[in-house]
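Enquirer: Would you be able to build a 3D model of this:
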Amino acid sequence: QVQLVESGGGLVQAGDSLRLSCAASGRTFSIGAMGWFRQAPGKEREFVAGIRRILGDTYYADSVKGRFTISRDNAKNAVYLQMNSLKPEDTAVYYCAATPRSSYVPQSQSLYDYWGQGTQVTVSS
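Expert: Residues are numbered from 1 along each chain as shown. Below you'll find the model as predicted:
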């Protein structure tokens with residue numbers, strides 16, 4: 001089992017930045033890739049960004065490309081999401097997820113086995 005705990009959410013204004021953190025514990029050696037997803041009110045959960053644990057290659061949703069950066073620190077079993085130039089449409093609950101799949105960065109939430117509890121990000125206009 002892998003446990004994930006997110007932190008760093010909050011209320012910011014449009015154009016501001018936030019950095020989300022996700023701390024993993026448990027069988028972290030089994031993690032192949034980690035991702036960030038988000039769910040806005042009344043909408044389905046969507047993929048935001050992902051990173052492979054060993055190679056460190058990344059993948060982003062078009063809506064955040066150029067504004068968000070995902071990174072990892074394997075020594076700390078942590079993954080981060082640096083969010084710049086935030087927009088009101090980025091408002092959502094952000095979830096950290098982990099998967100044992102390591103050959104690519106999955107974008108489908110069904111391919112992730114472990115999830116954090118989520119952290120709220122609210123961007124005011």
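Enquirer: Can you give the distance of the one helix or strand Arg19 maps to from its chain's centre?
Expert: In this structure, Arg19 sits in strand 18-26 according to DSSP states H and E. Remark: strand 18-26 is offset 9 Å from the chain centroid, using CA atoms, centre = their mean, to the nearest Å.
Enquirer: got a list of contacts for that strand?
Expert: Residues from elsewhere that reach strand 18-26 (CB atoms under 8 Å, 6 or more residues apart in numbering): 1-10, 12, 31, 34, 36, 76-83, 86, 94, 96, 98, 116, 119, 121. Where C-beta positions appear, they are placed from N, C-alpha and C, glycine not excepted.
Enquirer: how close does Arg45 sit to Gly118?
Expert: As defined by CB to CB, to the nearest Å, Arg45 lies at a distance of 10 Å from Gly118.
Enquirer: An error on my part: the question was meant for Lys76.
Expert: When distances are taken as CB to CB, Lys76 and Gly118 turn out to be 21 Å apart.
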